[in-house]
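S.K.: Build the 3D model from these lines:
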Amino acid sequence: MSVSFIQFFENSIAIAQILLIFSWYQSNSKINDLQLQFSVSFSSNFASAYINFKWIHNSNNDNFFKIRCICILQKLFGAQNYRSWRRSMEIALSTKRKLGFVTGSVIRPVNDPNQTEFWDTCNNMVISWIMSSVSESIVKSIMFVDTASAIWKQLEKMFALSNGSRKYKLHEDTYSCDQNGISVSENYTKMKCIWEEIDSMSELPRVTNVTPEITNFLNALKKQKEEEHLFQFLNGLDEQFSALRSQMLLMSPLPGVEVSCSMLQQEESQREMFTYVQNQDMTALYSKSATSDDKCTFCGHKWHSPDKCWEKIGYPPWHYKGRLNAKRSHSSQEVCEL
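M.R.: Take a look at the predicted model:
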């Protein structure tokens, strides 16, 4: 059922209820009170059923029997990618309105059997999503855990590193991340992932009263951070970009990381194009020189190979030596007949 149809259905019910309440209010006040209570109860129940976070919508499953998994680009295989996997899972679960099942904010109801059944169904669905987004070895360790929040806490205890160790490793990677022959865009993407993870681990206090001095300070801090990213990015480039790197460092003001990446990509494209043209010219020149220097081992002449030598395979009929050989062959046949 689409959202637009549900909204239309809710609006129709609301209008019908208002007309019914207004007509009955004039005739009987008691009937009006009962109808008003029933109307409020029905509307609240229908709305709560629609917006309830435990309700399984069509977006959660393809059909009644096949549950569609959430989209996670990379499965969890250890502490190396736990933070990125966790962030992807939080985004995916929030789009399904099921993040509370892993954080523990949605508590299992015990008084209402229907609500309990809904909770168990959604909890099992979230568990299936988690199991499909981790490696096979990790699946075996969480197979018999009852709730999604317990699985979430268990994975955090197993793979979550302390912020100090992780920050040290990330800052070390910023200055040891070299290009090593990969493209400029791939190297920039690799550095960008490290910078974003460092920013996510660095929590700064919120500024409520923004003054011009604070604005200038934040702009200077942002500029200093961009320059630091630029130096880290240029530090890991291959030596073939050393000349362009020197030119960018002489610019005033310094270009941003995105601008530098664009300039390097243009230089990389030009190098690839010139290398291709140069290789084509060298191949043609080598082929020509190889053909001109080679000699036939049968006759000693150039411009042909031994398997195409006419001295070996015979001259064609239009060649004068071919006609001469034909006459000699004809004369020898006449002598043999005599």
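S.K.: so how far does stretch 100-109 reach from one end to the other?
M.R.: 14 Å (CA to CA, to the nearest Å).
S.K.: for stretch 199-214, same thing?
M.R.: Stretch 199-214 has an end-to-end distance of 20 Å (criterion: CA to CA).
S.K.: Ramachandran angles for V134?
M.R.: The phi/psi pair for V134 (degrees, to the nearest 10) reads phi -120, psi 170.
S.K.: dump the residue contacts of it.
M.R.: By CB atoms under 8 Å, 6 or more residues apart in numbering, the residues touching V134 are K75, L76, F77, W85, I142, L155. C-beta coordinates here come from the backbone N, C-alpha and C atoms, glycine included.
S.K.: So the first one is in contact with S135, correct?
M.R.: Yes. Between K75 and S135 there is a contact at 5.4 Å, judged by CB atoms under 8 Å.
S.K.: Compare those two (neighbour count), which wins?
M.R.: K75 (14 against 11; other CB atoms under 10 Å).
S.K.: Next, that one: phi, psi?
M.R.: Main-chain torsions, K75, degrees, to the nearest 10: phi -70, psi 160.
S.K.: Contact partners for it?
M.R.: By CB under 8 Å, 6+ apart, K75 lies in contact with W85, S133, V134, S135.
S.K.: Now render those as TSV, adding secondary structure.
M.R.: Below are the contacts of K75 laid out as TSV (DSSP: H, G, I helix; E, B strand; the rest coil):
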residue	secondary structure
W85	helix
S133	coil
V134	strand
S135	coil
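S.K.: Going by residue numbers, what spans are strands in the stretch 201-338 of the chain?
M.R.: Under the criterion DSSP state E, counting those that start in this stretch, the stretch 201-338 of the chain contains no strands.
S.K.: ok, M263 - contacts?
M.R.: Residues in contact with M263, defined by CB under 8 Å, 6+ apart, are L244, M248, P255.
S.K.: any idea how far the last one is from C261?
M.R.: Looking back up the chat, that one is P255. 10 Å (CB to CB, to the nearest Å).
S.K.: for the second one, same thing?
M.R.: M248 sits 11 Å away from C261, going by CB to CB.
S.K.: Looking at the two, which has the bigger crowd around it?
M.R.: Higher neighbour count among M248 and C261: C261, with 20 against 16, using other CB under 10 Å.
S.K.: So for the nearest residue to the more buried one once chain neighbours are set aside, what's the pLDDT?
M.R.: Spatially, and ignoring its direct neighbours in sequence, C261 is nearest to Y188 (4.7 Å; CB to CB, 6 or more residues apart in numbering). Y188 carries a pLDDT score of 91 in this model.
S.K.: quick one: Y188 and S262 touch, right?
M.R.: No. Applying CB under 8 Å, one finds Y188 not in contact with S262, separated by 9.8 Å.
S.K.: okay, the two: which has more neighbours?
M.R.: Each of Y188 and S262 has its neighbours counted (other CB under 10 Å); Y188 has more, 20 against 15.
S.K.: which ones are touching that one?
M.R.: Y188 makes contact with F233, V257, C261, according to CB under 8 Å, 6+ apart.
S.K.: Among these, find me the one that's closest to V106.
M.R.: Closest to V106 out of the contacts of Y188 is V257 (41.1 Å), distances taken as CB to CB.
S.K.: ranges for the helices of the chain?
M.R.: Taking DSSP state H to define them, one finds helices in the chain at 3-27, 29-51, 82-95, 100-103, 113-132, 136-142, 148-159, 163-176, 184-201, 212-235, 242-249, 257-293, 310-313, 320-337.
S.K.: Which of those has the lowest mean pLDDT?
M.R.: Here these differ in mean pLDDT, and the lowest is helix 29-51 at a mean of 44.
S.K.: picking that back up, turn the contacts of Y188 into CSV, columns for distance to S105.
M.R.: Below are the contacts of Y188 laid out as CSV (distance: CB to CB, whole Å):
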residue, distance to S105
F233, 40
V257, 38
C261, 41
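S.K.: residue contacts, I127?
M.R.: Applying CB under 8 Å, 6+ apart to I127 gives the contacts V145, T147, A148, I151.
S.K.: Now flag whichever of these is closest to R97.
M.R.: R97 has its nearest neighbour among the contacts of I127 in A148, at 13.7 Å by CB to CB.
S.K.: Surely the closest one touches F101?
M.R.: Yes. Counting by CB under 8 Å, F101 is a contact partner of A148 at 4.6 Å.
S.K.: Mutual contacts of these two, please.
M.R.: With CB under 8 Å, 6+ apart, A148 and F101 have common neighbours N123, V126.
S.K.: What residue spans form the domains of this protein?
M.R.: Domain assignment for the chain, taken from automatic domain parsing, gives 3-51, 79-160, 164-273, 306-337.
S.K.: Highest mean neighbour count out of those domains?
M.R.: Among the domains of the chain, domain 79-160 has the highest mean neighbour count (mean count of other CB atoms under 10 Å), at a mean of 16.
S.K.: got the end-to-end distance for that one?
M.R.: End-to-end distance for domain 79-160: 6 Å, by CA to CA.
S.K.: quick one on the thing from earlier: export the contacts of M263 to a markdown table and tack on distance to Y315?
M.R.: Listed next are the contacts of M263 as a markdown table, based on distance: CB to CB, whole Å:
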| residue | distance to Y315 |
| --- | --- |
| L244 | 61 |
| M248 | 68 |
| P255 | 71 |
